[in-house]
Every structure is written in structure tokens, then in C-alpha cells.
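K.L.:
can't give you the sequence, but here's the structure:
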């Protein structure tokens, strides 16, 4: 095993308000390692709106602008425009939204920024439900999930929105998936995103022990399994059409599903069905390479 | 007044209290209070270390090697073993048999790495640190084999003054005379011995002691260590056995004479390493070698890789034949063989054999016995009447004024260089404890135990802690390790092998060694991989003075660091409420 | 300074250009479109250096300039009606963040049914968002208000909404006196934000605030609001020094008359004509124009109306289940006044229906006909047939 050779610089402070084992906090730490101190972050309503700390504290060593739920992307656009007006073309502006602020309420503003190709990095740290408000279903919630708004037998029977395909359809210069369990890959992608002008979209798989009903200590392990079973493949899309796969998973989804309380009601048949979904999605992805 | 606009500041007149962090870090938020259990850095014992007779902390050796820190790797080894270059060639390497990595692909080449590190130490002339302080106690050591020299090494490190009495013309014992140079080149051995000698040890060669001299020495020294090995060969016990040449003598001759046995047909009786060493040496003298063994090939006690190397070189193995008689047949020797067949598994788990009806006779130019050795003189073993401490690798008799300690092949179940080193170390610590007046030597020794058999000199000296927990394969996070082929040592050509006593196995290149060391899981040993810090959701692991520290003010006890530690060098501990 | 004939919309866009605004966001909605079209053109032809962001909704329009203003740049957007309603969330956010944003707002009715004509209910629905609201009668006032609006906003750290009537101002060409750039530069210093995202001094802005702090933050907004009237006056003094014009938070004519109309927006212009006619006929009638609705200049209004006989508030807006919104505010500002005049409330001109001098004559007659109002608010010109 070769060790990660990540910078010792840390741009997050301890004392964050995240739940124990929060994947989204790991994601931020890694992202800022790549982006460095010349970064401005805007955060809409999401777990991170809390994690970053209530008045009068801050969890980040870079400026944060908290904004409303729907507006992460365009707030970043506004910051970027202001910096450009002031002659600053160097500072990275990053919108940092959860899946709700990306897939659902934030998608309009995100689509607008992407269409304008505003020079921002939009990050969705995806924990697959409205976790901050107590685990309600989002359009990122995968098929088969129990949430507080898809409870009991009312578990979600529709599939997770393919946000990457939507973003690729905007033909933005760079879109990539990343995973907290693959730090070097994640950092590489942020460094790449930083070097490209225009709208960059990074979709990070960020586990949520609270919402997924898993022990906190397997937070990273479960995220890794998601990629190893192709539930969450790691890939990049340049200019919306040039696909590159970073990791080929070779495991079945069964164990991944079985380890999580949010899926515990699923039968073997349900999981077989999910496996088919995953396989066909992965086929589609391979076809785009 | 607004009209003074150019210089006007309203900061103090218009209230502006908004939700902003005002430069205050979330460090004011002590999330550590949320915690129920706390991660701790906790080194553990790796199975390789536990299996190693010398208790070497192999994971840390490989950690240094993987970073290219050869000197540190060597320093780690010599805490427990003064013969890395020798052991890297001749050790049974039970470590590799225990290696967790073999459950993933194949064991780490620990033995080969030891050879690489040992050889670099020789070529770079690394020396042992000088000993500081002395106990002024003098210890006589009988036999300059691996146990005697190791005893001298460890005793010297503890401040004892050692003199070694060796019956042969040169030191080394079985390493010098019993292991052929194609496995252990003479210069390597001599260099490692020289380094030990340089600690200030006197080695008296050509001094085979009589019992009277032994008794004089007992009076003259504060303690005596007997590590003189098994000086007599075991009699095969059949008619005409006097016509056989003894294997150990043959091997000694091969070392000292330039022998040519071109075209001769020579048989070797036995199935142990001595038999294989003899047969492979014979090949190198130009002879045709046949091993006659009374059990099956798979029952041979010799190393499997040695057996197959012998066969590769042209050694013929005849299984399931038991010699009953050897006699002259002209200039040749004829050996009568009883054909054997397999029976039941015996109490030692070994397949028993019993005679089958058939007999046959074979004719050879010469027949060599490679069966094994036994104690030469009765005073080489402790007095049956005295009470003794029987330890794992030695026996101590402190009934007289002068403590007598027996070790090496005289006491060891496994007769190997590594076990002999373990004896030397064990007796050094025991004598130290004895002279310090330790009230419970057994217990004190246990505190230095690594695994089941080994004693750690480093633990004894406080250089490392004793790790109670062991790392099993299931404790390793194999998500971090991809399957990777083991780096094997390159070999000289077969032609060169069978026509010379040149060392068959060459060495790693530096890069190969580093790569192979990188395969090591470093079970139970923090190698600064940084996963714990990288994955800490709470930024509560920091590096302070080069070491990772858990900031308990903030750690929420999620346990991610422990799970993501690839090598089980961390653990969770319940919080005291 | 030079006189130009221009639309009210362009008076606003011209002011924005002169104010060295750094970021403008825009989303089209009739009747506001001419403002952002003109700015887009200025940005495109290089006569304005601002970064123009073509957003995909008004919600984003405000979010964009919240971002831009927080990053330390003077920022502007404009909207109307449904656009303003969609922005509502961000209006609170901008004010709570204490950002000195200026926004052009063209009063237009809210649907359904779709109606693009003037009506103040859209902006008045936003009265509790923490924005300063300044209503304008014509293009000149709109231009001037944008310029001193930025000055005011930046002094008190509250956003300013500059409000004009749909079509009656936005699409009406009038002669407008346009200041020179040098004059504006002199009046409006370079933006020196008190709140800024700063790499040198990184902090979090607008983060979660617990009950322990939230109330003080709100009180701070109110304290700032309480300074607005005085600072507004001082800013206007300066403005007057340079350009010779001033509007006041309120403007009164014949305030001790028997009947005093209270108006806002273009209804004021009509009212000016109506009271002139009535005065010429010997009637005792006056007028109070309310320009500043937030903060509500209660003291000024009390002072202005204390000697009036009867007060008639004309509202081109309505709060359902209550009454005209200006009337409610005027009544509440007078309620603790000893011997306060009675207050009549007339609802007129909703959804772009004309308010003419005849409308005022009708209201005048109704006020004279009764000592006290017969109803909370009287709707003028209602065709009762439609309601059957």
C-alpha cells in the first residue's frame, strides 16, 4: 500500500457540528486541501449550514457565505462576478450543497449557472436524503430507501436521479463523481476543476451514519463499497461528452445494501432488481466511454 | 454629518450586528463531550513477529525498508538478532508461514528482505553501537556457533564481559561448517561474526574443552554458557555403517578442500536439510547424487524449496527405502534397501511407514549419512540431579556457585540458527536478571515475550512495549491492499549453480526490496499512513512533533479512524464516565 | 448635467450606470424589462464596466447580487410583481445580511388574472422584509433616488427598493436631467463595504443564529432603520447641494387644509392637479406625498397631518381583510396623536385602472359628505354589476 501523500494543510477547524462519522465533513476537509486558502465557499441550507457552526463560530479557515436553499449556484455566480469586477480571477468560488440543494430545490439555479458556464465549482455532497431536517426523501434517494417521508412499506419506489447526466447535458467543461473513500482521486478532481475555467460540477458520495442507519465507524467503508459495487461509479465527463472511468467495481450490491438500516426491509428479490438497475446503469456508463 | 462624506464613518453610529463568525473558530465548540468511546493508537503483535524465534518486530523492519530507510530497518533487526545477513539466507522463515498477506495473495518476502538489509549493512559497514557501562561480570561461552555468538552479543550489550571457547579453527559453528557456501557465502558469515567480535568479545579458537578445563572455567568465570551444539553424529544402526561418511564431516570437507567427484555416483541417507545440503554439494563437485529416504518426499523435514531446488539441480530422490546393510562391492559400495509403505498417521501427525515385502540393492561409489547429530559429551547437558529452570530455549542450573546455562541445539526442539539466536538472547537476559537479583525471573521474562516462544531484547531494554493484542487477517483492512505478485530473489543460472559453490540466490535491487517491503501490511504497527487524519471527520487528529495526536476536546468517538486504519494499529476504548 | 428625454425605466438604468455598479443581475418581467435591457446594452457596449448576469429567475437575480454584494461590490437588480414575490425569501436574506443593495421595482399587479399594469400591492407585500422602500413619481425622481439610494444604503447597511409605477413611469418618456459622471463620483464615494468576504480575514457570513443572538440581530436591523430618516435627510441635503433637487421622505402641500389627501407614486402627480383645481375653486384641500414607506416616517406624518381637518388616504393597493396599506400605516401613526384627524381610505386604480383628477374630485366629495368614514376603505369606481 502506498500512503496518501496529502498536504498537511488543513482548512477546517475542529469542533464542527456534524454527527459522529459524518461523510460530508470528510469531503470538505479533502476538497479544501485541494483548493487551498484562496477559496470562497457558499453554502445553502443543508447539513453543512449547521456543521459550519452557528454564530459566532466558523468551521472553515476560508470565507463562507451562507445562502438560501435554492440558490447555492447563483450565489457563487454572484460572488464570482464581483471578484471578476474587482480584478480577482484567481480565487476559487465553490458552492457546497447537499443533494436537496442540488437535485431538488437547487437544480434550477444550478442549471442556470451551468448554462451560463459561470466560473464556479459546484459541489454536491450527496447523502441521499434531507438529513439535516431528519431524513426525508429527496430525488437523490435511491430506490428501496426508507426515509421519514417514505416510511415502512412506503419505501421509495422510484430511482435516484442521474444528476451527472443532467449536468453533462449542459456541456459544462468538467463534471466528476468523487467519493470520500477515495481521497486521492477526490483531490485530483478538485485540483483539475480548479484549473479549468467555467462551471465544474463535482458529485461527492458522502455517507451519513445517522440517515443511513449504519454504525459511525463504517462511514468511509460503506462509501467505498458503493463504488466497489458500481452503485456510485467514479468517473469524469469533459465538455459533457468525453467520459473517463476511474474505477471499475467488481462486487455485488447485496452486501452494500445489507449493511444499511435504511434498506433492511428489502427482500432478496428487491435487491436482485436493484442489482439489475445498477448493472444496466453501469452498462450505459461504459457505453459512453 | 453626512456632508462630511469624504471622511465620514458611520460604523459607530449605525448598529450592525449580524450573524457572522467574527474570526472565531469552531474550536470553542468542544465536541469531545459527545463521545462515548475514544480511539487510541495501539500497536499490536503481528503474526510474523509472533512466529519469529527471535521475536523481531518485522512489520516495523518492513516499514522502514519500504521507505528506503535501510539503516533503521537494520537497527530494528539487530535489537533481536545479530545475524541478519545469515538469517536472511538460512532461516526457516516461519514468519512467512504466518504472514497475514498470504490470505490475500502470498506472504511478504520477509526472509529475502532480511538478506537485503543484512547485506546492505555489511557493504555499508554498519557497526553496532558501543556498549556503555559494564557489570564487571565475566561469562564463559562454550561454542562459537549461532547461540554462543548471540549470547556473547546480547550479554555484551548488557555489560557482561564475554569469552568464547571454540573447538574449531574458526568461529561460526554450524553456520561455518554445516551450511554450504552456495547458501551462505563464507565472507558474509565472517563479516557478521567480526562485527560481534568488535563489541570486545574474545573468541578462543581451537579450544575444545575437556571436563577438567570446563570445571576450571566454572571457577574462573561468573557464569558459563554451554552452546557447543551436537558434536556427534547419530549412528544409522545397520550393518556396515562404518563404511558411510558422516554428512557433517563431508560438508566441512567440502568447505575446506577443493573437492572433485566428477562422475561418481553417490548416495545420501536421510531427509533433512543436512541430507539436502550434502546432495546439492555433491552435484557441485561433479558427482551424481541420490537421496535415499525411508518415508515419502512430502514427509521430508527439509525445506520444500530446498528439496525442489535439489531436484532441479539433478538430485535424485528415492522414497520409501530403508537401508539395512552396506558392504563393499569391488571398489564400490552396495547398499541393501528394505522397501517401505505408508501406514497410519503417528502421534506427531507424521505418516508412519512400515516395511513392505520387497528388497533391493543399489551400488554407489560412496554413501554419506545425513541423518543428524547428537550430544557429544555428557557434561554438555545439565546434571539430572540438579534443579533447573527449563525455559523455552534454554535450561538454567543455578544450584552451584556459578550459574550454568545450556542452550542452542543442546536444548532446542527446533535445531535452527534462529532458535539458537533465541537461546543466546534468552540466556543473556536470564543471567542479567539473575545477577540483578530478580525475584521472579520467569515472570520478568514473560514481560518480554513476543508471541509464544520468542523473547524480545528490545522490550527487555524498554525500547518497545509489549503488545498484548495480535493482529489476525480479519483485523486488516484489505480495502487498502491490491493483489500484487511477490518479488522473488533472482537466481544465478542453473549451469552456474551446479558447477560452482556460488550463492544460488542473488539479491533484490534496492527498488525491488522497497517494493516488496511495501507489500507488507505492517500489521499492528503505525506506519504514518495518515488515514486516521485524512478521514477524521472532526479534524481532531493533528500532527504534533511528527506524531499523530488525538485532540480529545473534539473527537466525537465515531471510530472511522480505527476502521480505516489499514493495519489495526488503533483501537477504541470505552470512556470513563 | 444635461437634459434628456427618456423612459422612467431608462432613468433608472442611467442612474445605475452612473453609480459604478459592479454586478447587475436581471430576469425579464414586464414592465421592468427595459431597465435590464438597457443595462445589458451598457455592459455590452462597454459604457458600463459591471458584470451582467443573465439569471434564470428573480429568485436567482437577488441571490446573485446577495453574493456579489457580500463579495464587496455595488450590486443592482430590478424586478416587478411576480418576480418580486418570487424573490421574497431573498429580500429577507439581503436585508438580514445587511447588504447595501439597490433594486428597481416597477409596481405591477399580481395575478391571477394576469395583469401587467400598475398596482402597489407587490412592493407593499414586502414591507416586512427589512428593505427601505422609496416610491417615485416620475423618471427624474427615480434617477435621483437610485443615486442617493446607493448612498443611503451604504451608510445604513440596509437594502433600498426604488419603486416606480408600471408604464405611467416605466414606459413614459419625460425630460430627465442627467448628472455627469464626475458629479456622481463626487456624491457617491467608491464602495467601501462594512461586510465583505475576505480571504485575508476569513469569516462566515449569515450563519445559523440561535435564540440567544437572533433577537439582537433583528433589533440591530431596527436600530439601523431608526437612523434612516435622519441620514436620508442629510443625504438629501447633499444631493440638493449638488443638483438643487430634494424630495423629502414626505412632501406636504396645504397641510392645515380641511381635507388632506395622502398619496404615493404617480397618483401624487394627478393629486397635485386636482388640489390645484379645487383650491382655485376656493376649497380647502391639501396633499401629503409619502415617498418613504419603509422605514415609515411616522413622526413626519404626525407632524404633517396634525393640523389637517380630515385625511383621505388614496391606496393603489390592498391588504385583503384589512384595508389600504398606506391608510393602515397612516392611521397607526396618528392613533396616539391628541385630536388626531379622521382618516378616510379610498382604494383606487388597482391593476392599472386610471386615477384621474375626477377620481380625486369624487373622493373629495365623499370626504365632505361625512364627518367620519362610513366604511374602513371605500373602493372607488367599482362596477357593482360585475360583483352580482
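P.N.:
That came in fine, so what should we check first? Just so it is clear, the structure is predicted and the values come from calculations on it, not from any experiment.
K.L.:
now residue B:316, nearest residue through space, not along the chain?
P.N.:
residue B:290 (4.4 Å; C-beta to C-beta, 6 or more residues apart in numbering or on different chains). C-beta: built from backbone N, CA, C; applies to glycine.
K.L.:
looking just at contacts, which helices and strands does the one helix or strand the one you found maps to meet?
P.N.:
Take DSSP states H and E as the rule and residue B:290 turns out to sit in strand B:288-292. Strand B:288-292 makes packing contacts with strand B:265-269, helix B:273-284, strand B:316-318, strand B:351-364 when contacts are defined by 3 or more C-beta pairs under 8 Å, 6 or more residues apart in numbering or on different chains; DSSP states H and E.
K.L.:
could you redo the last one with a cut-off of 6 Å?
P.N.:
Packing partners of strand B:288-292 (3 or more C-beta pairs under 6 Å, 6 or more residues apart in numbering or on different chains; DSSP states H and E): strand B:265-269, helix B:273-284, strand B:316-318.
K.L.:
Next, the contact list for residue 270, please.
P.N.:
Using chain A. residue A:144 (C-beta atoms under 6 Å, 6 or more residues apart in numbering or on different chains).
K.L.:
I was after chain C.
P.N.:
With contact set as C-beta under 6 Å, 6+ apart, residue C:270 has these partners: residue C:355.
K.L.:
any idea whether it is helix, strand or coil?
P.N.:
The three-state assignment at residue C:270 reads helix, by DSSP: H, G, I helix; E, B strand; the rest coil.
K.L.:
now it: how far from residue C:381?
P.N.:
14 Å (C-beta to C-beta, to the nearest Å).
K.L.:
Would you report the backbone torsion angles of residue 78?
P.N.:
Here I'm looking at chain A. Dihedral pair for residue A:78: phi -70, psi -40, per degrees, to the nearest 10.
K.L.:
let's do chain C instead
P.N.:
phi -140, psi 150.
K.L.:
With the one 4 residues further on instead?
P.N.:
When read as degrees, to the nearest 10, the backbone of residue C:82 gives phi -60, psi -30.
K.L.:
What is the neighbour count of it?
P.N.:
16 (other C-beta atoms under 10 Å in any protein chain shown).
K.L.:
what's the residue nearest to residue A:253 when sequence neighbours are not counted in contact with, if anything?
P.N.:
Setting aside the residues directly before and after it, residue A:253 is nearest to residue A:229 in space (C-beta to C-beta, 6+ apart), at 4.6 Å. Residue A:229 is in contact with A:249, A:251, A:253, A:256, counting by C-beta under 6 Å, 6+ apart.
K.L.:
List only buried entries from those residues.
P.N.:
Neighbour counting over those (16 or more other C-beta atoms under 10 Å in any protein chain shown) leaves A:249, A:253, A:256 as the buried ones.
K.L.:
Which of those residues fall in helices?
P.N.:
A:253, A:256 (DSSP state H).
K.L.:
Let's have the buried ones among the contacts of residue A:229 in a markdown table, adding distance to residue C:285 and pLDDT.
P.N.:
What follows is the buried ones among the contacts of residue A:229, written out as a markdown table (distance: C-beta to C-beta, whole Å; pLDDT from 0 to 100):
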| residue | distance to residue C:285 | pLDDT |
| --- | --- | --- |
| A:249 | 83 | 95 |
| A:253 | 81 | 97 |
| A:256 | 80 | 98 |
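K.L.:
Just name the closest of the buried ones among the contacts of residue A:229 to chain C, please.
P.N.:
Minimum distance to chain C across these is 33.4 Å, recorded for residue A:256 (C-beta to the nearest C-beta).
K.L.:
That closest one and residue A:205, how far apart?
P.N.:
From residue A:256 across to residue A:205, the span is 12 Å (C-beta to C-beta).
K.L.:
And residue B:22, by the same measure?
P.N.:
Look at residue B:22 and residue A:205: by C-beta to C-beta, they are 34 Å apart.
K.L.:
and if you look at residue A:127?
P.N.:
Using C-beta to C-beta, residue A:127 is found at 9 Å from residue A:205.
K.L.:
and the longest helix for chain A?
P.N.:
Using DSSP H to define each element, chain A has its longest helix at helix A:268-288.
K.L.:
Please identify the buried residues of that helix?
P.N.:
Buried residues in helix A:268-288, counting neighbours by 16+ other C-beta under 10 Å, are found at A:270, A:271, A:274, A:275, A:277, A:278, A:281, A:282, A:285.
K.L.:
Over to stretch C:325-338?
P.N.:
By 16+ other C-beta under 10 Å, the buried positions in stretch C:325-338 come out as C:325, C:326, C:327, C:328, C:329, C:330, C:331, C:333, C:334.
K.L.:
How far away from the center of its chain is the helix or strand of chain B with the lowest mean pLDDT?
P.N.:
Across the helices and strands of chain B, mean pLDDT, DSSP states H and E gives its lowest value to strand B:232-233, namely a mean of 81. On the basis of C-alpha atoms, centre = their mean, to the nearest Å, strand B:232-233 sits 26 Å off its chain's mean C-alpha point.
K.L.:
Which elements pack onto that strand?
P.N.:
By 3+ C-beta pairs under 6 Å, 6+ apart, strand B:232-233 packs against no helix or strand.
K.L.:
mind listing the helices for the stretch 1-150 of chain A?
P.N.:
With helices called from DSSP state H, counting those that start in this stretch, the stretch 1-150 of chain A shows them at A:23-35, A:47-51, A:72-85, A:107-116.
K.L.:
Tabulate the ones you listed (CSV), appending distance to residue C:39.
P.N.:
CSV is the format used below for these (distance: least, C-beta to C-beta, whole Å):
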stretch, distance to residue C:39
helix A:23-35, 33
helix A:47-51, 32
helix A:72-85, 13
helix A:107-116, 16
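K.L.:
need the strands for the stretch 101-250 of chain B, in chain order.
P.N.:
Counting by DSSP state E, counting those that start in this stretch, the stretch 101-250 of chain B has strands at residues B:138-142, B:161-165, B:202-204, B:223-226, B:232-233, B:245-246.
K.L.:
hang on, the earlier thing: could you dump the buried residues of helix A:268-288 into TSV with pLDDT added?
P.N.:
Formatted as TSV, the buried residues of helix A:268-288 follow (pLDDT from 0 to 100):
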residue	pLDDT
A:270	97
A:271	97
A:274	97
A:275	98
A:277	97
A:278	97
A:281	97
A:282	97
A:285	97
